[in-house]
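Novice: pasting the structure only:
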């Protein structure tokens, strides 16, 4: 009975470790995507300014 209990505890520990690793990987991916979003927003603002200044030159 005690061996079965230890086996279950071991499985729980392994599963927990796997899940923690997955969560960490997902958090890292999210951080990477957030950085990409920031760069795209910055680029978008720059392009909007360029378009606005080029329109001013047309008139």
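Specialist: Yes, it's here. Treat the numbers as computed from the prediction; the structure is a model and nothing was measured.

Novice: any idea of the mean pLDDT for the host helix or strand of residue 55?
Specialist: For residue 55, the element it lies in under DSSP states H and E is helix 2-58. Taken as a whole, helix 2-58 carries a mean pLDDT of 94.

Novice: which elements pack onto that helix?
Specialist: Judged by 3 or more CB pairs under 8 Å, 6 or more residues apart in numbering; DSSP states H and E, helix 2-58 is in contact with no other helix or strand. Where C-beta positions appear, they are placed from N, C-alpha and C, glycine not excepted.

Novice: any idea how far residue 37 lies from residue 3?
Specialist: 51 Å (CB to CB, to the nearest Å).

Novice: neighbour-wise, which of these two wins?
Specialist: residue 37 (10 against 7; other CB atoms under 10 Å).

Novice: could you check how far the helix holding residue 55 is from the centre of its chain?
Specialist: In terms of CA atoms, centre = their mean, to the nearest Å, the centre of helix 2-58 is found 0 Å from the chain centre.

Novice: swap in stretch 47-59?
Specialist: 34 Å.

Novice: tell me which residues of that stretch are tucked away?
Specialist: When burial is assessed from 16 or more other CB atoms under 10 Å, stretch 47-59 yields no buried residues.

Novice: closest to the centroid, which residue in this protein?
Specialist: residue 30 (0.6 Å; CA atoms, centre = their mean).

Novice: tell me which residues touch that residue, please.
Specialist: Residue 30 makes no contacts at all, as judged by CB atoms under 8 Å, 6 or more residues apart in numbering.

Novice: from residue 38, how far off is it?
Specialist: Counting by CB to CB, the gap between residue 30 and residue 38 amounts to 13 Å.

Novice: residue 42: how many residues sit nearby?
Specialist: 10.

Novice: that one and residue 36, how far apart?
Specialist: Counting by CB to CB - residue 42 and residue 36 are separated by 11 Å.

Novice: cool, residue 54 as well?
Specialist: The separation that residue 54 has from residue 36, given CB to CB, amounts to 26 Å.

Novice: same question for residue 26.
Specialist: Applying CB to CB to residue 26 and residue 36 gives a distance of 15 Å.
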